[in-house]
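Chemist: coords please:
(one chain, ligands or ions: 1)
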Amino acid sequence: VAKTGQVSTAKVDWRAAARLRKGHVWVYRSDLLKAPPADPGSLVLLEDERGKRLGTALYSSASVIALRLISSDAVTEEKLPALVRARLEAARAYREQVVRESDAFRVVFSEADALPGLIIDRYNDVVAFQVLTQAWDRAGLRGVVLDWMADALKPRAIVERVDARIRQLEKLPPREGGVVWPNSPAAAAGAPPRTVFHMNNLAFEYVAGEGQKTGAFLDQRENYAAAERHSRGEALDVFCYQGGFALHLGRRCEHVTAVDSSRPALEAAERNEKLNAGALRVKEMEWIEANAFDLLKDYARAGKSYDTIVLDPPAFARNLKSVPRALRGYKEINLRALKMLRPGGVLVTCSCSHHVSESDFLHMLTSAAEDARRRVCLLEHRGAAPDHPSILQVPETSYLKCVVVAVSR
Ligand code: SAH
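Modeler: Down below sits the predicted model:
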């Protein structure tokens, strides 16, 4: 390991070299033959055991993912801003091509846009970004990204969303989230920016800094439309958050019951219902604060039945070890839902755990269908909306599964 000019070089083992040559972008700390004498977040040139160049990566002194490839060429600190701007432009151009019926979408999705560690979401005229690694916290790189967001996306405000746990894991100093642009004391001290954004011609409120992710589950946008197309009659949306699926169902179904354990999420859902009053077919949505597992059990016992059910739980498997337990959790709720469907009824069932593979998920659903003694027909097998691209060579970029099935009549 040596420092050439200002960029250090790291030698990686054959396993990491093979992974990088096949198009993956991660080097684990255990792949390093010697840790580079690099500053946190700096550029590091990669080479294999025989000294052959593999590209340039961003270094983290804290993560088990020590290096994330940013280019298969040699990149210097001087050339980095131009490379980052080119990547940001490419990400933006791609969204212009794939995003329909929405002014809210993911503009940059980390590894999937070859900008590992950076997330940028747009909510109409407000842009929210999140930094997941040391590199994007460096003043220089942050400045490049901020200038680009202001110039290229022309928002009313840019807010930083901070995940304290991630900053701790990356050994980054704690930082407050909030407005970072316009860069005025009034903007920083004022109330968090609010806006209304649109998906599939429904309106949703956005309050910077509140809610999960950067505010909404934009990755489900096209699955909302799919669920709506298949829905009818009486519907149940379990794990409804701020009403993403439920309000789409509300345009087509006669009655919608939506369940979540979070009161603030349900309050936002109710405000979203008011925003869309003119567009809904149901007279009044039914929002219920409850534990979904208990509620499904109680409803099944009470003999309730539905024509349409949506299940979109939080990630049950955060790591590989928790996959078997997660699958039991998925099976429990899917089994109950399948049993509660009326003949011809439709189940829209999701998992956002990367560690639960598509085949694991389908296998779980098959087993639930067997136990429910229902003949189940696969209608659609879906993933995240295309503004959350799945890169085949980087399987970690694929995480969302959304399967639509119908039980036989
Ligand atoms: N379907 C939503 C996203 C759901 S995220 C959308 O498209 O916007 C998962 C939701 O599950 C969160 O809102 C969280 O509050 C809720 N949740 C987590 N555990 C729960 C439980 N045991 N019972 C009910 N809701 C739960």
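Chemist: now do Val44 against Ala300, distance only.
Modeler: 55 Å (CB to CB, to the nearest Å). In this view, the C-beta of every residue, glycine as well, is placed from N, C-alpha and C.
Chemist: comparing these two, which residue is more hemmed in?
Modeler: Val44 (26 against 15; other CB atoms under 10 Å).
Chemist: what's the helix or strand for that one?
Modeler: strand 43-47 (DSSP states H and E).
Chemist: and Lys213, by the same measure?
Modeler: Assigned by DSSP H and E, Lys213 belongs to neither a helix nor a strand.
Chemist: ramachandran angles for Val7?
Modeler: phi -100, psi 130 (degrees, to the nearest 10).
Chemist: what count of nearby residues applies to Gln168?
Modeler: Gln168: 12 neighbours (other CB under 10 Å).
Chemist: ugh, wrong one, I meant Thr366
Modeler: 12.
Chemist: so where's the chain shaky on pLDDT?
Modeler: Applying pLDDT under 70 to the chain flags residues 1-5.
Chemist: switch the cut-off to 90
Modeler: The chain contains residues with pLDDT under 90 at 1-7, 34-37, 183-191, 318, 409.
Chemist: isn't Arg19 right next to Asp13, touching?
Modeler: No: using CB atoms under 8 Å, Arg19 makes no contact with Asp13, being 10.0 Å away.
Chemist: who has more neighbours, these two?
Modeler: Neighbours of Arg19 and Asp13, each counted by other CB under 10 Å, are more numerous for Arg19; the result is 20 against 16.
Chemist: neighbouring contacts of stretch 302-313?
Modeler: Outside stretch 302-313, the residues that touch it by CB atoms under 8 Å, 6 or more residues apart in numbering are 217, 220, 227, 230-241, 244-246, 249, 253, 292, 329-330, 333-334, 337, 340-342, 344-352.
Chemist: can you flag which of those belong to helices?
Modeler: Using DSSP state H, the members of the contacts of stretch 302-313 that fall in helices are 227, 230, 244-246, 249, 292, 329-330, 333-334, 337, 340.
Chemist: tell me what the residue of the stretch 1-150 of the chain found nearest the ligand is bridged to.
Modeler: Using CB to the nearest ligand atom, the closest approach of the stretch 1-150 of the chain to the ligand is made by Ala104 at 11.9 Å. Per DSSP bridges, the residues bridged to Ala104 are Tyr123.
Chemist: count of residues packed around it?
Modeler: Counted with other CB under 10 Å, Ala104 comes out at 23.
Chemist: hmm, it is touching His198, no?
Modeler: Yes: between Ala104 and His198 there is a contact under CB under 8 Å: 6.9 Å.
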